[in-house]
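> Sequence first, predicted model second:
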Amino acid sequence: MENKKYLTEENYERGKKKIKTIALIILVVGLLIGGSLIATGLMKQGKVNSQYSEENKATISQQLETEKQNLISKKAELEAKIEPVENQIKQLEREPFTGFDAAYYEREDKIEELEKSIATDKNSISVINDALDESFAHCKFDKTKNNTYTSKYCSLKLQLDDFTDFNKEFDSFDSIPFYMFGAFVIIATCMIAGSIYMFSKRREITAFTAQQVMPVAKEGIDEMAPTIGNAVGEIAKGIKKGLNDDDKE
């Protein structure tokens, strides 16, 4: 039966290579994961910086002014549309009262019909007036924010209102966890990979340590050798003298 030897230089080098490979794989994977986390944080921060940039603010301001003019034009169009109907209603209301006869109820029905026909347009004009009112934040309410005519204007206005340092810093906090976890992964990976790599270098480290100590040990031995030799000589003389004294007796 063939005896398999484990303590060979070939096996040592093979095992050493495997350990180095494991350390390298851990290092590469850890750097990729940590780098990806940090890159994600940088991308998020870049989006925040772009969102709150002066260029973007100027663009939104220009779009808001354009939409404001569109609302003013739409308001004028709606007012022109309902003006004849409102004039007709006024004429009916100003007719002399002759009692609760058929003509009276006919006029009331006609007025009600005309008011219903312009109710939607009048409501739209009211919502537009609210949206254009700078003294109060009407755009934060659903009535104005979700209206067909004012939804775009309100969306731009709310975006512009969000251009504050507080909001920018608050949104930037989303990037911090990615930086922290990314840095932690990279540091931990370097420590683990470094420990595994140093484990593969134990022989070299031990040899280096021994080489550091050997000159000092050799010098110490060289210095102590004469003293030890003298001490041994004295001991030998004492033993010899004792033996001679025994012989004489």
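Cool, the structure landed.
> do you know how far the residue positioned nearest the centre of the chain is from Q45?
Nearest to the mean C-alpha position of the chain, by Cα atoms, centre = their mean, lies S175 at 2.0 Å. To Q45, S175 is 4 Å away according to Cβ to Cβ, to the nearest Å. Bear in mind the C-beta positions are built from the backbone N, C-alpha and C, glycine included.
> Over to C154?
28 Å.
> Pick out whichever of those two has more residues nearby.
C154 (24 against 17; other Cβ atoms under 10 Å).
> Return the residues in contact with the more buried one.
131, 139, 144-145 (Cβ atoms under 8 Å, 6 or more residues apart in numbering).
> give me phi/psi at it?
Recorded main-chain torsions at C154 are phi -70, psi -40, according to degrees, to the nearest 10.
> So for it, what's the nearest residue that isn't a sequence neighbour?
Excluding its sequence neighbours, the residue lying closest to C154 (Cβ to Cβ, 6 or more residues apart in numbering) is C139, at 3.6 Å.
> Contacts only, for the one you found.
For C139, the residues meeting the contact criterion (Cβ under 8 Å, 6+ apart) are 131, 145, 150, 153-154, 157-158.
> rerun that using 10 Å as the cut-off
130-131, 133, 145, 147, 150-151, 153-158, 161 (Cβ atoms under 10 Å, 6 or more residues apart in numbering).
> for N167, same thing?
Applying Cβ under 10 Å, 6+ apart, the residues contacting N167 are 48, 51-52, 161.
> quick one: the helices in the protein?
With DSSP state H as the criterion, the chain has helices at 9-51, 54-94, 102-132, 142-145, 151-161, 165-172, 176-200, 202-248.
> Tabulate the contacts of N167 in TSV, adding columns for distance to G30 and neighbour count.
Putting these into TSV (distance: Cβ to Cβ, whole Å; neighbours: other Cβ atoms under 10 Å) gives the following:
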residue	distance to G30	neighbour count
V48	27	19
Q51	32	15
Y52	33	18
D161	43	12
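> so can I have CSV of those showing pLDDT?
Below are those laid out as CSV (pLDDT from 0 to 100):
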residue, pLDDT
V48, 87
Q51, 82
Y52, 83
D161, 85
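> of these, closest to A188?
Closest approach between these and A188, by Cβ to Cβ: V48, at 27.7 Å.
> Just give the nearest non-adjacent residue to the closest one, would you?
Leaving aside its chain neighbours, V48 sits nearest to D171 (4.8 Å; criterion: Cβ to Cβ, 6+ apart).
> Do I have it right that the one you found meets G46?
No. The pair D171 / G46 is not scored as a contact, 11.9 Å apart, by Cβ atoms under 10 Å.
> which one of these two has more residues nearby?
Using other Cβ under 10 Å as the criterion, D171 and G46 rank with D171 on top: 17 against 11.
> which residues does the more buried one contact?
44-45, 47-49, 51-52, 162.
> Could you rerun that using 8 Å?
48, 51-52.
> Also D174?
44, 48.
> Distance-wise, check it relative to K47.
Taking Cβ to Cβ, one finds D174 at 10 Å from K47.
> so how many other residues sit close to the residue lying closest to K110 once chain neighbours are set aside?
Nearest non-adjacent residue to K110, counting by Cβ to Cβ, 6+ apart: L92, 5.9 Å away. By other Cβ under 10 Å, 14 other residues sit near L92.
> What of G182?
For G182, using other Cβ under 10 Å, the count is 21.
> where does this protein dip in pLDDT?
Applying pLDDT under 70 to the chain picks out residues 1-9, 11-12, 201-249.
> go again using 80 as the cut-off
1-16, 97-98, 101, 165, 197, 199-249 (pLDDT under 80).
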